[in-house]
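Chemist: here is the input, now give the coordinates:
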Amino acid sequence: MRHLRVPSAKTAFWVERCKENSWYELGSGVLPLGEERGIPLNDSAPQNGDDVWDGFIITEEVGTSKKTQHWTEHLPPSLLESNANKFPQSYEIQGDVLLIKIPEELENIESELAQAMLKQYPNVRIICHDEGVDGEFRIRNLRVLESRDGSTTTQTRIKEHGFFIHVDPSKTYFSGRLSEQRKMTHKAVLKFRERFQRPLTVFDPYAGVGPSMAYLYTDSDLTECAYVNDMNPETRDLLETNMNVFDKKRDSDGTYVVGTMDARLLTSSLPETRNMADVLLVNLPHDGVEHLPDLLPLLSNGQALLCGWSIIEKSETEAFMNALKAILHAGNRKIESDKLDIVKGFSATKSMVRYECILSSKTNR
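Modeler: Next up is the predicted model:
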């Protein structure tokens, strides 16, 4: 690789000058050459002897790699200077799909930004601008910016705690940030299983693509039967694909049913589901509590575990729990234990919370 040899004292000046003119070989570091330093040059830099070098010479040296710290380091200096403090700082990677929100004032250079991201993240295949969620199912509205191989599909596969899960952020909801919540649910179900002499039946009426089942259904000793459902019809193919993968990981045969209906209609549409669930997951943070009266008939008449997530006002945790208990009592359920944990802040005034209750039927019939 060509390197411009300059005195050590002039290194900073010439590094800056080369970067300003897009002559610096990004990803390479400055070489120590005795009392001189070698500045790595790319193919666009002028040849040895050009007047721009002020008499300093260019020699061939074995370059060193320097890992870039941020994708913006792959941008030309002119773009860095003119757009300082405007670049988006957060993004999300699902499998080989990178999701990022490009500010409106940077849309004219969004292709250059996406190309820089592809250089920084070699395992990313496609860069998408996230325009926010749309519609009843709150699915992301994505626009493809750049693709490494020309493909435009956003279907991909993520790995979470050793499990592969097929997802498509343009069609279905999935959040890698909730992986710890799924682990917590697994631990809660494992502890609840100690009360039984058999594997459990688990209902996940708002399953999305089924990430919770990666933990629960793959364990033959933990779960024997799973009902997974999501009202979004786009979810079905991915949910069936994932459940088939999870089913093959079991040590013994299990049973699973995949549905795409309004979860509130489960017991009326499938009467056999009434009083079947040992475990019921209600992962519908905006409306889940309102759906509970229609979901409680799914619960076993014996002991049952209810795990749910809701978005509530930070100042109303006590009021929320009182309302939840009232719904459970009205549904003929006795509360053996309950707890509420704050998962994360949702906004300045709201939090996402996780509630966990062990219930039994008041009549036990």
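
Chemist: can we go C-alpha only for contacts and neighbour counts from here?
Modeler: Fine.

Chemist: what's the neighbour count on V257?
Modeler: Other residues within reach of V257, judged by other Cα atoms under 10 Å, total 12.

Chemist: for this structure, what helix or strand is lowest in average pLDDT?
Modeler: In the chain, no helix or strand scores lower on mean pLDDT, DSSP states H and E than strand 64-65, which sits at a mean of 68.

Chemist: next secondary structure element downstream of that one?
Modeler: helix 77-82 (DSSP states H and E).

Chemist: list the helices and strands the following helix or strand past that following helix packs on?
Modeler: Downstream of helix 77-82, the next assigned helix or strand under DSSP H and E is strand 92-94. Judged by 3 or more Cα pairs under 8 Å, 6 or more residues apart in numbering; DSSP states H and E, strand 92-94 is in contact with strand 97-100, strand 156-160.

Chemist: hmm, who's touching stretch 249-265?
Modeler: 205-206, 217-220, 223-233, 235-236, 239-240, 243, 247, 291, 294-295 (Cα atoms under 8 Å, 6 or more residues apart in numbering).

Chemist: report the distance from that stretch to the chain centre.
Modeler: Distance of stretch 249-265 from its chain centroid, counting by Cα atoms, centre = their mean, to the nearest Å, is 23 Å.

Chemist: what about that stretch, average pLDDT?
Modeler: Stretch 249-265 carries an average pLDDT of 96.

Chemist: in it, which residues are buried?
Modeler: R250, G254, Y256, V258, G259, T260, M261, A263, R264 (16 or more other Cα atoms under 10 Å).

Chemist: export those residues to TSV and append columns for secondary structure.
Modeler: Formatted as TSV, the buried residues of stretch 249-265 follow (DSSP: H, G, I helix; E, B strand; the rest coil):
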residue	secondary structure
R250	coil
G254	coil
Y256	strand
V258	strand
G259	strand
T260	coil
M261	coil
A263	helix
R264	helix
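
Chemist: pick the one among those closest to T11.
Modeler: R250 (60.8 Å; Cα to Cα).

Chemist: need phi/psi at the closest one.
Modeler: phi -70, psi 150 (degrees, to the nearest 10).

Chemist: now it: how far from A9?
Modeler: 65 Å (Cα to Cα, to the nearest Å).

Chemist: thinking again about what came up before, if any of the contacts of stretch 249-265 are buried, put those into a ChimeraX selection.
Modeler: A single ChimeraX command selects the buried members of the contacts of stretch 249-265 (16+ other Cα under 10 Å):
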select :205,206,217,218,219,220,223,224,225,226,227,228,229,230,231,232,235,236,239,240,243,247,295
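
Chemist: now intersect the contacts of stretch 249-265 with the helices, please.
Modeler: Counted as lying in helices by DSSP state H, out of the contacts of stretch 249-265, are R236, L239, E240, M243, D247, H291, D294, L295.

Chemist: between all of the buried residues of stretch 249-265, which two are separated the most?
Modeler: By the measure Cα to Cα, R250 and R264 form the most distant pair in the buried residues of stretch 249-265, at 29.7 Å.

Chemist: which stretches of the chain have low pLDDT?
Modeler: Applying pLDDT under 70 to the chain flags residues 65-68, 364-365.

Chemist: try it again at 80.
Modeler: Low-confidence segments of the chain (pLDDT under 80): 26-27, 63-69, 84, 134-136, 362-365.

Chemist: isn't L113 up against P76?
Modeler: No: shown here, L113 and P76 do not form a contact pair, counting by Cα atoms under 8 Å, at 10.3 Å.

Chemist: in the stretch 1-150 of the chain, which spans are strands?
Modeler: With strands called from DSSP state E, counting those that start in this stretch, the stretch 1-150 of the chain shows them at 2-7, 28-29, 31-33, 36-40, 58-60, 64-65, 92-94, 97-100, 126-134, 139-147.

Chemist: ok, the stretch 251-365 of the chain next?
Modeler: Counting by DSSP E, counting those that start in this stretch, the strands of the stretch 251-365 of the chain are 255-259, 279-283, 304-313, 333-345, 350-361.

Chemist: could those go into JSON lines alongside distance to Y121?
Modeler: Below are the strands of the stretch 251-365 of the chain laid out as JSON lines (distance: least, Cα to Cα, whole Å):
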{"stretch": "strand 255-259", "distance to Y121": "35"}
{"stretch": "strand 279-283", "distance to Y121": "32"}
{"stretch": "strand 304-313", "distance to Y121": "33"}
{"stretch": "strand 333-345", "distance to Y121": "28"}
{"stretch": "strand 350-361", "distance to Y121": "31"}
